Each structure stands twice: as C-alpha cells, then as structure tokens.
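Asker: Just a sequence and a predicted model for now, questions to come.
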Amino acid sequence: MEILNIIIQFALQLLTFIVIVDAFSSFFLPPDNKVREQLGRIVNPLLNPIRKIIPPINNLDFSPIILIILIQIVEYLMLRLIS
C-alpha cells in the first residue's frame, strides 16, 4: 500500500504544481503561447466547472485556488481510504 500512497501523492502534487504554473504563466505569457496552450488543455477542464459556480470577481479568478484546495481534500481522503 505504501507505493500506492506515493503514487497518489506524486500525481496530485504534480497536478497542483501544474495548476500553479498555469496561473503564473497567465501573468507573463500571451494566451497563444504553446506552453500556456498545453497547460490549459490539462487545467481548463478542471477549472471550468468551478468558474461556472464562482465567476471571476473584478477580473480576479479564484478558481485555481479553489481547485488546489479541492485537490488537497481529494488527496487527504484518498490516502485515508487506502490506509
């Protein structure tokens, strides 16, 4: 079971890192940049449902923060279920 814990932790931490990189790249890279497009293919399907519930407020998009919190909750629950 320990290897499964490590795999779950790694995968969800990698996803968290990708969300953070995507959020920061939106400040520095143009929307048509290849890196942003690739990150968007991974992250946008997860962010879009959150954006439907909580739209950007004054041009501030809080959906990446909410997604990171949800990822952490899922990681905690998954690790508790397999332990």
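Answerer: On my side now, so go ahead.

Asker: Residue 18 contacts residue 39, doesn't it?
Answerer: Yes. Proximity of residue 18 to residue 39 meets the contact threshold set by Cβ atoms under 8 Å, at 6.3 Å. (Glycine included, C-beta is placed from N, CA and C.)

Asker: Tell me, how many residues neighbour the closest residue to residue 23 other than its chain neighbours?
Answerer: In this structure, residue 23 finds its nearest non-sequential neighbour in residue 64, 4.4 Å apart by Cβ to Cβ, 6 or more residues apart in numbering. Neighbours of residue 64 under the rule other Cβ atoms under 10 Å: 19.

Asker: now residue 64: how far from residue 47?
Answerer: Residue 64 sits 7 Å away from residue 47, going by Cβ to Cβ, to the nearest Å.

Asker: how about the helices of the chain, start to end?
Answerer: 2-28, 34-53, 63-82 (DSSP state H).

Asker: CSV for those helices, including mean pLDDT?
Answerer: Output for those, formatted as CSV (pLDDT from 0 to 100):
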stretch, mean pLDDT
helix 2-28, 95
helix 34-53, 96
helix 63-82, 96
